[in-house]
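Participant: Pasting the sequence and the predicted coordinates here, then a few questions.
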Amino acid sequence: MKQSVARMPGMPQILITFGLSISSLAVLLPASPAWAVAGGAGSFGAGATNAVLMAVTVATQFSVPTLTRHFSWAHVLPLGTILLGLPSLIQLISPALTNILLTSALRGVGFGIVTVCCSSAMSYLVPLEYRGRAVGLYGLAAAGSQMFFTPVAPWAIEVFGHRPVIAVGAIAALAAPFAFQLGRSVDRYLAQDQEGKPTISATPKTSTTTIIKRIWPALLTLTLVTSVGGAFMTFSTEIAPTATLATGGLLLLCLLATPTRLYGGSLTDRFGTRLLMTPVLGFVALGLVLLALMDGASSLSVLFFLLGASIMGFGYGFLQSVTMVRALSDAGGADATQRASVAWNSHFDIGTGLGALAIGALEQSTNFATAWVVAALILALCALGMGLRDARS
């Protein structure tokens, strides 16, 4: 009988810990900036709340391997869930921008720990032949939580007020017992993995440069797809002729990204990652071309916009799972896995911010149509180059 991946040792704890953590993140992504505005901050101050969150997240991700090596997984991972959740209760005390920025920075430390530890734990505890399905479930836990909490947060603020919604951000702290169980499982795995092996001082570690050389196709693909996805989420209201159409485009992107994260991972168990990654990246480029063809509010333009958003949503979810499986598989031994996870998570965050910056700069000097065409050409050329490289190897 085929074994259920969701019930494999460690997977329930991974899914619960990550799902609750993403729920905390998703509800405050719109709520914290709105709380800052309510306290008198301008648009720059409101935007700085999430900018600080993501900057601290990326900075923390690079220190997680050192933290877990010195303090154990069973101590570090629960601390991450607590730091992500409990500062929400401090944030709701006052809408002063200083308070929001400080608590956002603390939450960034927690989120950086959780993202790296959960993805690394999955690669340690789940057998290789089941890893694609595990990554799919992992992506579903993230996308499902985000799809619900992020759109609901603005409505909930209007109905219940800011403080009750911000308090929901503390939900990540509820994951601490599950994170502790998961941390102990990984500590046991790593201890058993080292039995009978040479001491760490005698075992040469794979350098970070070598790991990046092995996994760069996955990192480049992830950065490209999160860049255009982040740009679309940032500028959808400016691209679409009406707010209703912008909402429809965002909803299509989220709805398609959720199941494709699940099935993208599952398909890698059957077909591998090289057969799937670059064709889908090229398909996303087609979606960008459709966005570039928009011209006003005609029926054809609306169709182009919705089709482009749908294609982007498909690739946005699908390639997140495929690139994670490929990065963890190509990294090499156990000593490289956690650093590959750090690289994957940091490139996801970097891509999300970079895309909005690049598309915004291109639009300012030209227009959105030109910006999408340039982005489509970059994606298509990268897909062709990496596809030919994979075919040769």
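Facilitator: Alright, I've got the coordinates.

Participant: And the contacts of stretch 210-227?
Facilitator: 273, 277-278, 281, 284, 315-316, 319-320, 322-324, 326-327, 330-332, 336, 339-340, 343-344, 347-348, 350-352, 354-355, 358, 375, 378-379, 382, 386, 389-390 (C-beta atoms under 8 Å, 6 or more residues apart in numbering). For every residue, glycine as well, the C-beta is placed using N, CA and C.

Participant: Only alpha carbons, please: show that stretch as CSV.
Facilitator: Extracted C-alpha coordinates of stretch 210-227, given in CSV (Å, rounded to 0.1, in the frame of the first residue of the first chain):
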residue,chain,number,x,y,z
THR,A,210,30.2,25.0,-4.8
ILE,A,211,26.6,24.6,-3.7
ILE,A,212,25.5,27.8,-5.5
LYS,A,213,27.3,26.5,-8.7
ARG,A,214,25.3,23.3,-8.4
ILE,A,215,21.8,24.8,-7.8
TRP,A,216,22.0,28.1,-9.7
PRO,A,217,19.5,27.0,-12.4
ALA,A,218,16.9,26.5,-9.7
LEU,A,219,17.8,29.8,-8.0
LEU,A,220,17.7,31.8,-11.3
THR,A,221,14.3,30.3,-12.3
LEU,A,222,12.8,31.0,-8.8
THR,A,223,14.1,34.6,-8.9
LEU,A,224,12.6,35.2,-12.3
VAL,A,225,9.2,33.8,-11.5
THR,A,226,8.9,35.5,-8.1
SER,A,227,10.1,38.7,-9.7
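
Participant: Can you report phi and psi for the spatially most central residue of the chain?
Facilitator: By C-alpha atoms, centre = their mean, the chain has its centre lying nearest to residue 348, at 5.4 Å. Dihedral pair for residue 348: phi -60, psi -50, per degrees, to the nearest 10.

Participant: For the chain, just list every one of the strands.
Facilitator: For the chain, applying DSSP state E gives no strands.

Participant: is it true that residue 175 touches residue 23?
Facilitator: No: the pair residue 175 and residue 23 fails to qualify as a contact (C-beta atoms under 8 Å) at a distance of 9.4 Å.

Participant: show me what contacts the residue lying closest to residue 344 once chain neighbours are set aside?
Facilitator: Sequence neighbours aside, residue 327 is the residue nearest to residue 344 in space, at 4.8 Å (criterion: C-beta to C-beta, 6 or more residues apart in numbering). When contacts are counted by C-beta under 8 Å, 6+ apart, residue 327 touches 215, 218, 219, 222, 340, 341, 343, 344.
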